[in-house]
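Undergrad: The following comprises the amino acid sequence and a computationally predicted model.
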Amino acid sequence: MSDAAGSRKNASDEEIETWVNTVLPKAVVYARSFIRDTHTAEDIVHDCICRLLDRKNHYDLVNDGFKLLLRSISNASIDRVRRTEPWSLDSIESDHSASMEQMDRRAIEPIDTAICKELNLSVEKALQHLPLKQRAALELKSLGLQLSEIAESLEVSESNAGVLLHRARAAMAKELAAWLKKET
C-alpha cells in the first residue's frame, strides 16, 4: 500500500509539472499585458507560481490553479503598475522593435512592416488608456476564458466582468476607429 501512495505522489508531481508547463506561456502573456516588460512579467509569474506551489496541498492546482494563478498575477501586476510610472511610448517602441527584428524580414515588404508597426503601436497605446481591470478582462478573454472565469479571476461579479469587457471593447473600438473603417 505504501508503494501505491508513493506512486500516487509521483503522479501528482508529474501532473503539477505538466500543469506548470501548460499554464506558464499564457500566464506570462497575461502578466506582460499589464507590465509591458517581459522580464518583469516573467518574475511576477515565477513568484506567483512559487507561492501556489508552496501551498499545493491546499489547492487543486490541476483543475483550479489557472484561475488562482491569474488572480494572483492580476493583483501582483496591478500593485506593480501602481507603484511605478506609466509606460512611455519610447518603451513600447523599443519593445516593438525587438519583436520586429525577430521576424523574417526577407518575406515582408517594407510598407507592410511600416503598417504592422503603426497598427501595433496604436493597439499598445489604446490598451494603455484602458483602466487596469478593463485591460485585464480583455486580456483574459483573449486567452479564451469564459465570462465566469474572468469574473472569478478579477474577483468581480459575472455581470461586472461583462460590463468591463463591453467597456474595454468600446474604448478600443473608439481608439482604433481609423483602423476599423472599411474602405468603400
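TA: Received the coordinates, thanks.

Undergrad: And residue 166, what's its pLDDT?
TA: Looking at residue 166, its pLDDT is 94.

Undergrad: same for the helix or strand where it lies, what does it pack against?
TA: Assigned by DSSP states H and E, residue 166 belongs to helix 158-175. Other helices and strands packing on helix 158-175, by 3 or more C-beta pairs under 8 Å, 6 or more residues apart in numbering; DSSP states H and E, are helix 110-129, helix 132-142, helix 147-154. No exception for glycine: its C-beta is placed from N, CA and C like everyone else's.

Undergrad: Would you mind finding the most buried of these?
TA: A comparison of the helices and strands packed on helix 158-175 by mean neighbour count, using mean count of other C-beta atoms under 10 Å, puts helix 132-142 on top with a mean of 21.

Undergrad: any idea how far it is from the chain center?
TA: In terms of C-alpha atoms, centre = their mean, to the nearest Å, the centre of helix 132-142 is set 8 Å apart from its chain centre.

Undergrad: Show me what the helix or strand containing residue 66 is packed against.
TA: Assigned by DSSP H and E, residue 66 belongs to helix 61-83. With contacts taken as 3+ C-beta pairs under 8 Å, 6+ apart, helix 61-83 sits against helix 2-35, helix 38-54, helix 132-142, helix 147-154.

Undergrad: Nearest approach to residue 173 belongs to which of those?
TA: Checking those against residue 173 by C-beta to C-beta gives helix 132-142 as the closest, at 11.6 Å.

Undergrad: Give me the angle between the closest one and helix 61-83.
TA: Between helix 132-142 and helix 61-83, the angle comes out at 150 degrees (axes from the mean of the first three to the mean of the last three C-alpha atoms, to 10 degrees).
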